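Student: here is a sequence with its predicted model. Questions after.
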Amino acid sequence: MTAADAAQAAAAAGAGGQGDGAAGATSGGPRGGGCRTSSRLERVLREGHFAVTCEIGPPQSSKSEGILKHASVLKDYSDGQNLTDNQTAIVRLCSLAAAVHVIRAGGEPIMQMTARDRNRIAIQSDILGAASLGVRNILCLAGDHQTFGNHPGARNVHDIDSLQMVQMVRAMRDEKKFQCGDQIKSHEPRMFVGAAANPFGDPFEFRVRRLAKKIAAGAEFIQTQCIFDMDRFEKWMRMVRDEGLDEKVFILAGITPVKSDKALKYIRTVPGMKVPDELIKRMEGAADKKAEGVNIAVEMIQRLKEMKGVHGVHIMAIAWESIVPEIVERAGLYPRPEVEVEEPAEAEVAVG
Amino acid sequence: MIVAEPKPISEVAELVRDSNHLLIVGCGECVTVCQVGGEKEVEVLASALRIMWKKDGRKGTIDTQTIVRQCEPEYVAELAKKVKEADCVLSLGCGVGVQFIAEAYPDKWVVPGLNTSFGGGTVQAGVWEERCGFCGDCILHLTGGICPIIRCSKSILNGPCGGSQDGHCELDKDIPCAWQLIYDRLKGLGRLDLLDAVQPPKDWTASRDGGPRKFVKEEAMIE
Ligand code: SF4
């Protein structure tokens, strides 16, 4: 069975989830189809623009200034801004509140939500709250294990996994149902639903098949792990295209600019990451390492722009948010497209 | 079986600090197999405590008894005589044993000598490893006989997560990724199709959080 078949089989099997089965798989590819939410990111993607998303890491305090400052700049250089959810299991200002700060600054938040700290009750509750505050995008994740963070003694939750979260958010939107099956009588949360994919994790042969599963569960956009090994990413994309998955989901390729060879060497030790030797050598040999880090990021984006099936980039400039405008401009992705968003009519969106 | 580990002797000594007539109780089942609470370990602990007490100039007595099973009232009843003479019972059974003794002797102070760890088995002499999370709703037929609930660090039902690399879990190079194991085994058996269905959220009502779980087999009941 191919991964594409797998996606179909899984969707057909119902798997307790979405009523429209096809999930992100509107015929004729992800582009062109009507928007299901009032997400600006969704509109940009469906109109066929090469999308740019970026990331803002909330602080380990209740200070919102940093988020507002970054968002007020990044809103013009990206179509969506991810707000991480206690990344690396370190306690930070919550992604929901951070998303609201981004809205205040005029941005388009993508709220990250992990299965590590919340059960299905808390997740659905947060989604209702987020939607009521104008959040229109969500990225469903497993979450880094708590032992990597600053509360290793915490108990993790993992009541549902990231795939099941995707399915749940889709059902809340498209079937107006809570996970338990109860109806959401009005004002169902209408989120554009994303998930992550790691083309560098193992078992490699299963990665594409698992992506198919995420699509079957209802993922509409995918943000990948940051890419350093472009050859392996290309190989993965080939497999993705062979299965026709790029026609069913929007793929945003992850890019992380680094400031030094030391950073690259560290990243290499992170589970699920691959960094080729040549890249490290190039950074070692660079006189101005920061500038070289930006050069590499820009070159990678150029290559990704030409790669069939890649619908955008996700720039994760961790603790270096200020560099994003330069990268976006140099990659020829500025200015960002202006799009009109509208709330879809109730009749259109009612499914099942 | 239930696998348990001994509490540090300093902690045990502290737990029985106020006792003058201590009874240490062993169990002949799981904890005997994993060599932490059988007759032998009971005697070793008793001697160690006696030496400690002597050093401290304490005069108390330490008695011992190992029963077939601490998780069955019938055997726990055999302790009656010695429990009566003791002012404190130190159980080297699992958490179940400690509680059954406490229930049987409501006026006696009962303390645990072990940390009850997991449901597992012997992987090599002297090494025991977890296999079952006692979730109450077995799904091993879907995962090639490898439990993701307990062996995956995130209990993922639709794994593997992005952190799986070279067969290891993202947590530690010494932890095999449960989902790599599942994948390899199903591949070997030609049953990768089992991984294509999106597994729905688990119904945890059969697991913890609903008070103690109970199993009733009517044919086995007397009366
Ligand atoms: S690496 Fe494997 S075992 Fe570890 S959390 Fe991910 S899927 Fe589970």
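Tutor: Yes, it's here. Computed from a predicted structure; not experimentally measured.

Student: what about dumping the CA coordinates of the longest helix seen in chain B to CSV?
Tutor: Scanning chain B for the helix with the most residues, using DSSP state H, yields helix B:39-55. What follows is helix B:39-55, C-alpha atoms only, in CSV (Å, rounded to 0.1, in the frame of the first residue of the first chain):
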residue,chain,number,x,y,z
GLU,B,39,13.1,-14.6,52.2
LYS,B,40,16.7,-13.9,51.5
GLU,B,41,16.4,-10.2,51.1
VAL,B,42,14.2,-10.0,54.3
GLU,B,43,17.0,-11.7,56.3
VAL,B,44,19.7,-9.5,54.8
LEU,B,45,17.8,-6.4,55.7
ALA,B,46,17.0,-7.6,59.2
SER,B,47,20.7,-8.2,59.8
ALA,B,48,21.7,-4.8,58.4
LEU,B,49,19.1,-3.1,60.6
ARG,B,50,20.2,-5.1,63.7
ILE,B,51,23.7,-3.9,63.2
MET,B,52,22.6,-0.3,62.7
TRP,B,53,20.5,-0.5,65.8
LYS,B,54,23.3,-2.0,67.9
LYS,B,55,25.7,0.7,66.8
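
Student: and chain B, what are its domains?
Tutor: B:2-118, B:137-209 (automatic domain parsing).

Student: quickly check: the last one near the ligand or not.
Tutor: What that stands for is domain B:137-209. Yes - Domain B:137-209 reaches the ligand (CB under 6 Å from any ligand atom) through B:152-154, B:156, B:159-161, B:163-164, B:169-171, B:177-179. All C-beta atoms are positioned from the backbone trio N, CA, C, and that covers glycine.

Student: which of those residues fall in helices?
Tutor: B:178, B:179.

Student: overlap between the residues of domain B:137-209 next to the ligand and the residues near chain A?
Tutor: Subset of those in contact with chain A: B:153, B:154, B:156, B:159, B:160, B:161, B:163, B:164, B:169, B:170, B:171, B:177, counting by CB under 8 Å from any CB of the partner chain.

Student: reformat the residues you listed as a markdown table; add pLDDT.
Tutor: Output for these, formatted as a markdown table (pLDDT from 0 to 100):
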| residue | pLDDT |
| --- | --- |
| B:153 | 95 |
| B:154 | 95 |
| B:156 | 96 |
| B:159 | 94 |
| B:160 | 95 |
| B:161 | 93 |
| B:163 | 90 |
| B:164 | 92 |
| B:169 | 95 |
| B:170 | 91 |
| B:171 | 92 |
| B:177 | 97 |
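
Student: quickly note the distance from the residue nearest to residue B:122 when sequence neighbours are not counted to residue A:129.
Tutor: Computed as CB to CB, 6 or more residues apart in numbering or on different chains, the closest residue to residue B:122 that is not its neighbour in sequence is residue B:128, at 5.6 Å. Look at residue B:128 and residue A:129: by CB to CB, to the nearest Å, they are 45 Å apart.

Student: now do the contacts for residue B:94.
Tutor: By CB atoms under 8 Å, 6 or more residues apart in numbering or on different chains, the residues touching residue B:94 are B:2, B:4, B:27, B:30, B:31, B:37, B:70, B:71, B:114, B:116.

Student: rerun at 7 Å
Tutor: B:2, B:4, B:30, B:31, B:114, B:116 (CB atoms under 7 Å, 6 or more residues apart in numbering or on different chains).

Student: sec struct for the residue sitting nearest the centre point of chain A, please.
Tutor: For chain A, residue A:223 is the residue whose C-alpha lies nearest the centre (CA atoms, centre = their mean; 3.8 Å). Look at residue A:223: counting by DSSP: H, G, I helix; E, B strand; the rest coil, its state is strand.

Student: so what's the residue count around residue 191?
Tutor: No chain was given, so I picked chain A. 27 (other CB atoms under 10 Å in any protein chain shown).

Student: hmm, I had chain B in mind actually
Tutor: 12.

Student: check the spacing between it and residue A:161 real quick.
Tutor: 21 Å.

Student: same question for residue A:301.
Tutor: Counting by CB to CB - residue A:301 and residue A:161 are separated by 31 Å.

Student: okay, the two: which has more neighbours?
Tutor: A count of neighbours by other CB under 10 Å puts residue A:161 above the other of residue A:301 and residue A:161, at 27 against 23.

Student: which residues does the one residue in the stretch 251-352 of chain A that gets nearest to chain B contact?
Tutor: Closest to chain B within the stretch 251-352 of chain A is residue A:271: 3.7 Å, counting by CB to the nearest CB. When the contact criterion is CB under 7 Å, 6+ apart, the partners of residue A:271 are B:163, B:165, B:170.

Student: helix/strand/coil for it?
Tutor: coil.

Student: so what's it closest to, chain neighbours aside?
Tutor: Nearest non-adjacent residue to residue A:271 (CB to CB, 6+ apart): residue B:170, at 3.7 Å.
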